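Visitor: Show me the folded form of this:
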Amino acid sequence: MAKGDLLFELAVGSNGNIVVTQPVDKVYLITFTSPPDNRLTTEFCTSLILALDILATRHPAGVVITTSGITKFYSNGLDLDHASFTPGFFPEALYALWLRLLTYPMPTVSLINGHAFAGAFMTAMMHDYRVMNPHRGFLCLNELELGVPLRAPMSSVFREKVSPGTYRKLVLEAARLKALDALKEGVVDSLGGLEEALTFIDEMKLVAKAGPGLTGKSALVELKREMYRETVEYLENFGNEDRRDFEVREREKKRQAAREVRVGKWEKAKLLCLFITPSLKASIISAMAPTKPSFKTLLHSLPSELYIIIKDLTLQVEEATTIEVNKNWRPPAILQIDSATRKAFARIYYHTNLFNVDCHFGVDLKMPPHWRKAVSDHWGCRYNNDFGPELEDDILRADFKPPRGSCDAPRRVRRFPNVHEHSLHDLPIP
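Guide: Just a heads-up that it's a prediction; the model follows:
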């Protein structure tokens with residue numbers, strides 16, 4: 001179908017233009033062409049606003065269709081460099097265009113004949129209706145892929161016009177909708193080209209809806225402003241929203257700093273605890289102790305399965321082995337390992353590729369004096385400050401009892417000193 005009689009033409013920058021025609025009575029077609037892909041620049045936005053103003057003030061009320069003269073793109077969104085470094089671009093150009101479209105005194109139809117990404121998709125959403133080419137083009141909010149946030153009016157127009165599920169799919173999944181998908185999701189109202197758009201306008205009787213009501217006036221602008229109040233307020237009060245965004249960013253910086261402090265405390269409080277198990281073998285686990293824990297508190301924080309076996313107080317990282325722990329048994333002692341030993345364990349985990357090879361090293365144990373004597377006497381082993389007790393499985397006995405007057409474990413535990421296998425410290429930290 002022919003695009004109709006030429007009404008006027010406007011320039012867009014040095015090599016683009018906007019052509020306004022009238023394909024049928026009181027239906028105005030705005031065709032914009034700004035090579036290579038109709039980016040939303042200041043010149044583009046202000047020229048399109050002027051075209052809308054001319055139609056609203058010099059022509060009878062009807063229906064406005066916007067489309068692209070470039071078959072591949074309706075528009076490819078913002079020119080990010082231009083938007084970032086042009087003073088006043090958002091309030092004076094982009095948001096001004098969106099506000100004009102959203103509250104225009106005639107019904108508006110976006111004829112999406114090609115791709116519409118990001119800002120172009122938002123521009124199409126500022127129209128009252130959308131008709132999409134069924135054979136070409138995607139609709140997509142790709143801010144997730146770009147790593148840039150949506151500003152308030154960019155997001156609110158979707159909240160007001162599509163379902164929550166579709167909104168989530170567009171924003172959090174950066175879904176690329178083909179025409180049939182967009183129709184199914186309620187993002188577009190019909191499929192086709194100019195002829196189908198004109199048929200849609202005729203079926204919806206949109207030209208008649210542009211005229212005055214029984215009062216002799218049209219309430220279309222007021223109805224739109226109320227219908228899309230949230231987005232209208234964001235567009236009109238850009239400065240307030242900009243200040244709010246700044247305050248949100250500052251608050252988030254403080255929250256992030258607080259998170260770093262909390263996580264740092266947690267990392268410092270993590271303990272590697274050595275237990276003597278009923279199977280007469282020692283096992284290493286990791287436990288969290290944000291404050292000085294009681295033995296009972298720490299015990300109840302343990303998992304029911306232990307994976308790393310220590311034999312004869314020498315760490316032997318084996319293929320992942322599970323030990324079923326007797327939950328009714330209480331170990332006689334709990335000993336802490338210091339940060340240097342923790343780093344050594346980390347090196348071992350990394351360089352043994354998750355327990356696929358064996359590694360051995362000794363640690364220096366320290367206990368309260370009465371526990372040291374009780375362990376030595378009961379286990380019949382030699383204890384020294386260099387290499388720890390020399391324990392053998394055949395002399396360990398499960399009937400060991402704590403010294404008289406003591407509790408199930410030392411109330412105040414001592415820390416291990418550094419490990420003595422210096423070769424472990426030569427390994428790079430993972």
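Visitor: Ala51 and His135: what is the separation?
Guide: Distance check for Ala51 against His135: by C-beta to C-beta, to the nearest Å, it reads 27 Å. In this view, the C-beta of every residue, glycine as well, is placed from N, C-alpha and C.
Visitor: Which one of these two is surrounded by more residues?
Guide: Comparing Ala51 with His135 by other C-beta atoms under 10 Å, the one with more neighbours is Ala51, at 24 against 11.
Visitor: now the more buried one: how far from Pro35?
Guide: Looking at Ala51 against Pro35, where the rule is C-beta to C-beta, the gap reads 18 Å.
Visitor: can you check Leu206 too?
Guide: Using C-beta to C-beta, Leu206 is found at 31 Å from Pro35.
Visitor: Give me the more crowded residue out of those two.
Guide: Taking other C-beta under 10 Å, Leu206 and Pro35 do not tie; Leu206 has more neighbours (21 against 13).
Visitor: Which residue is the nearest non-sequential neighbour of the more buried one?
Guide: With C-beta to C-beta, 6 or more residues apart in numbering as the criterion, Leu206 has its nearest non-adjacent residue at 4.4 Å, and that residue is Pro107.
Visitor: what's the answer for Glu9, then?
Guide: Nearest-residue entry for Glu9: Val19, 5.1 Å, with adjacent residues in sequence omitted and distances by C-beta to C-beta, 6+ apart.
Visitor: For the helix or strand harbouring that neighbour, enumerate the helices and strands it packs against.
Guide: Here Val19 sits within strand 16-24, counting by DSSP states H and E. For strand 16-24, the packing partners by 3 or more C-beta pairs under 8 Å, 6 or more residues apart in numbering; DSSP states H and E come out as strand 5-12, strand 27-33, helix 42-58, helix 194-204.
Visitor: out of the ones you listed, deepest packed?
Guide: Comparing these by mean neighbour count (mean count of other C-beta atoms under 10 Å), strand 27-33 comes out on top with a mean of 21.
Visitor: relative orientation of it and helix 194-204 in degrees?
Guide: For the pair strand 27-33 and helix 194-204, the angle between their directions (axes from the mean of the first three to the mean of the last three C-alpha atoms, to 10 degrees) equals 150 degrees.
Visitor: List the contacts of strand 27-33.
Guide: Outside of strand 27-33, the residues within contact range by C-beta atoms under 8 Å, 6 or more residues apart in numbering are 3-4, 7, 12, 16-23, 38, 44, 47-48, 51-52, 55, 59, 62-70, 194, 198, 201, 207.
Visitor: Identify the residues contacting Ser190.
Guide: With the criterion set at C-beta under 8 Å, 6+ apart, Ser190 makes contact with 129-132, 183, 196-197, 200.
Visitor: low pLDDT regions in the stretch 251-400 of the chain?
Guide: Judged against pLDDT under 70, the low-scoring parts of the stretch 251-400 of the chain cover residues 267-400.
Visitor: try 50 this time
Guide: Low-confidence segments of the stretch 251-400 of the chain, defined by pLDDT under 50: 271-338, 341-342, 344-368, 371, 375, 378-400.
Visitor: For the host helix or strand of Arg159, the averaged confidence score.
Guide: Element membership of Arg159, judged by DSSP H and E, is helix 152-161. Mean pLDDT, taken over the full extent of helix 152-161, equals 94.
Visitor: Check stretch 232-246 too.
Guide: Per-region confidence: stretch 232-246 scores 85 on mean pLDDT.
Visitor: Can you name the residues in contact with it?
Guide: For stretch 232-246, the surrounding residues in contact (C-beta under 8 Å, 6+ apart) are 90-91, 95, 98-99, 102-103, 151-153, 156, 225.
Visitor: how about those residues in TSV, adding distance to Gly239 and neighbour count?
Guide: Rendered in TSV, the data for these read as follows (distance: C-beta to C-beta, whole Å; neighbours: other C-beta atoms under 10 Å):
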residue	distance to Gly239	neighbour count
Phe90	10	19
Pro91	8	16
Tyr95	11	20
Trp98	16	25
Leu99	14	22
Leu102	19	23
Thr103	19	20
Arg151	13	18
Ala152	12	20
Pro153	13	26
Ser156	17	19
Arg225	19	16
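Visitor: who are the neighbours in contact with Pro153?
Guide: Counting by C-beta under 8 Å, 6+ apart, Pro153 makes contact with 95, 98, 231, 234-235, 241.
Visitor: would CSV of those with secondary structure and distance to Asn76 be doable?
Guide: Listed next are these as CSV, based on DSSP: H, G, I helix; E, B strand; the rest coil; distance: C-beta to C-beta, whole Å:
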residue, secondary structure, distance to Asn76
Tyr95, helix, 19
Trp98, helix, 17
Thr231, helix, 22
Tyr234, helix, 24
Leu235, helix, 22
Glu241, helix, 25
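Visitor: would you list these in JSON lines and tack on distance to Ala175?
Guide: Putting those into JSON lines (distance: C-beta to C-beta, whole Å) gives the following:
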{"residue": "Tyr95", "distance to Ala175": "25"}
{"residue": "Trp98", "distance to Ala175": "22"}
{"residue": "Thr231", "distance to Ala175": "21"}
{"residue": "Tyr234", "distance to Ala175": "24"}
{"residue": "Leu235", "distance to Ala175": "25"}
{"residue": "Glu241", "distance to Ala175": "26"}
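Visitor: rewinding a little: relative to Trp266, which of the helices and strands packed on strand 16-24 is closest?
Guide: Ranking these by distance to Trp266, with C-beta to C-beta as the measure, places helix 42-58 first at 49.7 Å.
Visitor: Can you name every helix or strand that the closest one contacts?
Guide: With contacts taken as 3+ C-beta pairs under 8 Å, 6+ apart, helix 42-58 sits against strand 5-12, strand 16-24, strand 27-33, strand 63-68, helix 95-102.
Visitor: can you state the direction angle for that helix and helix 95-102?
Guide: Per the same axes, to 10 degrees, the angle that helix 42-58 makes with helix 95-102 is 40 degrees.
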